[in-house]
Each structure stands twice: as C-alpha cells, then as structure tokens.
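how would this look folded up:
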Amino acid sequence: MSAKTTVLVVDDDPEIVTMVSLRLTKRGYHVVTANDGIEALEAAKRERPALIVLDVMMPGKNGWEVVRALKQDPVTEKVKIVMLTAIGEQVNAMTSSLYGADAFIDKPFDFTVLEKTVAKLIG
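Residues are numbered from 1 along each chain as shown. Now for the predicted structure:
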C-alpha cells in the first residue's frame, strides 16, 4: 500500500477545518490541521504536506504572512497552496499569485471545486 498524500488544512473556524478535513480524508488524503498561522508554519515543517488549504484572515500570522514564510523556506518552498477565504474574489485573485499561492477559492465554496483543485495541484 502506498503512503497517503498529506494535506494541511488551516483555518481559525473549527467548522471549516472539520468539514474540509472530512471531505479530503474521504478522498484518500492524510489530513493534518492547524488553527492559526503560527501552527500552520510549525505543522508545515513537521508534516511536509504536498498541499496546504489556507485561510487568509487568522490570528497570529495571517495567510499571506504564512505563504511568504513558506515560500522563503527551502524546506517548504515547493508545497502547493490553495487560499480558501472570504476576502472577496477580486482581492483574492490579485493577491494569491502575488504572494505565491497556487490557487484560490472563495468562501462560501463548493466542496467539489475544492476537491478538484486539490487533485489538480497534487497531480
């Protein structure tokens, strides 16, 4: 049996973390979670996920600060990042690629879109 691909889900809303984690687990991913930006950076270094689903507006460090730190660290620079946020599609579209995120999805979101985006980025 091959090892499952690890996905890190980061959001300060426990309901979002739970729902996204359950859906991705059902799709066969190994899911780890974090509740803020500082936990996200620690988990990314420890778990070495293939992909991170990341909220923007969180306590500690916001999602953009997390993306910047991940992309500057040789250990985590290649991890794929999907921003999952309610900041608005136009702001999300402008800032996601600027900070180095690979994709963005606006809240409220469709789980099918999330699953397809994760699968596309992981390959």
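
check contacts around the residue nearest the centre of the chain.
Nearest to the geometric centre of the chain sits Val53, at 1.6 Å (C-alpha atoms, centre = their mean). Taking C-beta atoms under 8 Å, 6 or more residues apart in numbering, we find Val53 in contact with Val7, Leu8, Val9, Val10, Asp11, Val20, Leu24, Val82, Leu84, Leu114, Val118. From N, CA and C alone the C-beta is placed, and that goes for glycine too.

tell me where the model's unsure across the chain.
Where the chain drops to pLDDT under 70, the residues are 1-3, 87-99.

show me the helices in it, by range?
Counting by DSSP state H, the chain has helices at residues 14-26, 37-47, 63-72, 89-99, 111-122.

quick one: the first one to helix 111-122, angle?
Here helix 14-26 runs at an angle of 60 degrees relative to helix 111-122 (axes from the mean of the first three to the mean of the last three C-alpha atoms, to 10 degrees).

in helix 14-26, what's buried?
Ile16, Val17, Val20, Ser21, Arg23, Leu24 (16 or more other C-beta atoms under 10 Å).

so the last one sits against Val9, correct?
Right, the one you point to is Leu24. Yes: under the criterion of C-beta atoms under 8 Å, Leu24 makes contact with Val9 at 7.1 Å.

next, show the common contact partners of these two.
With C-beta under 8 Å, 6+ apart as the test, Leu24 and Val9 both reach Val31, Val53.

what's the spacing between Pro49 and Thr33?
Separation of Pro49 from Thr33 (C-beta to C-beta, to the nearest Å): 11 Å.

between these two, point out the one with more neighbours.
Pro49 (23 against 18; other C-beta atoms under 10 Å).

test my guess that the more buried one contacts Val9.
No: using C-beta under 8 Å, Pro49 is not in contact with Val9; the gap is 9.3 Å.

so what's Leu51 up against?
Contacts of Leu51 by C-beta under 8 Å, 6+ apart are Thr5, Val7, Leu8, Val79, Lys80, Ile81, Val82, Val118, Leu121, Ile122.

just give me the neighbour total for the closest residue to the first one other than its chain neighbours.
Think Thr5. Of all residues not flanking Thr5 in the chain, Ala50 sits nearest, at 4.9 Å (C-beta to C-beta, 6 or more residues apart in numbering). For Ala50, the neighbour count with other C-beta under 10 Å is 19.
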